[in-house]
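Participant: Here's my sequence, what's the structure:
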Amino acid sequence: MTENDVAKIIVDAAYHIHSRFGPGLLESAYQAMLAHELGKRGLRVECEKPVPLVYDEVVLELGYRADMLVEDLVLVELKAVEQTAPVHKRQLLTYLKLTDKRLGLLINFGTALIKDGIHRVANGL
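Facilitator: Just a heads-up that it's a prediction; the model follows:
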């Protein structure tokens, strides 16, 4: 399964959840539902995945955490805000670089239409 295959399943699951509940819940609720939905679809999901920072060959455990890593291929950052900021995409790109992953999804469940809240971020894909 490729990054794009996994991303399609994630987007479909997010659409399913947003169609049922809409905006207005906490990010943690969307994260739990998305992890459950992806698990039902047979995908392996790690939540609150630690993202270490390596500097001068020293691993610095600074508490960076990606919301989800799906199938060890796609990083997912979740938001439940009215509007994402440009820094959210930059943060996801940094996480992709630090973890050597090629695709990330920034999903904001706070939008009226979920299609407006989904952004792909690529790192050499």
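
Participant: hey, let's count contacts and neighbours off CA atoms from now on
Facilitator: Fine.

Participant: In this protein, which residue sits furthest out from the middle?
Facilitator: Asp56 (28.0 Å; Cα atoms, centre = their mean).

Participant: Now do the residue lying closest to Leu125 once chain neighbours are set aside against Leu26, distance only.
Facilitator: Of all residues not flanking Leu125 in the chain, Arg102 sits nearest, at 5.4 Å (Cα to Cα, 6 or more residues apart in numbering). As judged by Cα to Cα, to the nearest Å, Arg102 and Leu26 stand 28 Å apart.

Participant: Of these two, which one has the most company?
Facilitator: Taking other Cα atoms under 10 Å, Arg102 and Leu26 do not tie; Arg102 has more neighbours (17 against 13).

Participant: Leu96 is in contact with the more buried one, correct?
Facilitator: Yes: applying Cα atoms under 8 Å, one finds Arg102 in contact with Leu96, separated by 6.4 Å.

Participant: so what sits against both of the two?
Facilitator: Asn123 (Cα atoms under 8 Å, 6 or more residues apart in numbering).

Participant: Assign a three-state SS to the residue nearest the centre of the chain, would you?
Facilitator: Central residue of the chain (Cα atoms, centre = their mean): Val76, 1.0 Å from the mean position. Here Val76 is recorded as strand under DSSP: H, G, I helix; E, B strand; the rest coil.

Participant: is it true that it touches Leu105?
Facilitator: Yes: at 4.8 Å, Val76 counts as touching Leu105 under the criterion of Cα under 8 Å.

Participant: name the helices or strands packed onto the longest helix seen in the chain?
Facilitator: Criterion DSSP state H: the longest helix present in the chain is helix 3-21. Helix 3-21 is packed against helix 27-40, strand 74-79, strand 103-108, with contacts defined by 3 or more Cα pairs under 8 Å, 6 or more residues apart in numbering; DSSP states H and E.
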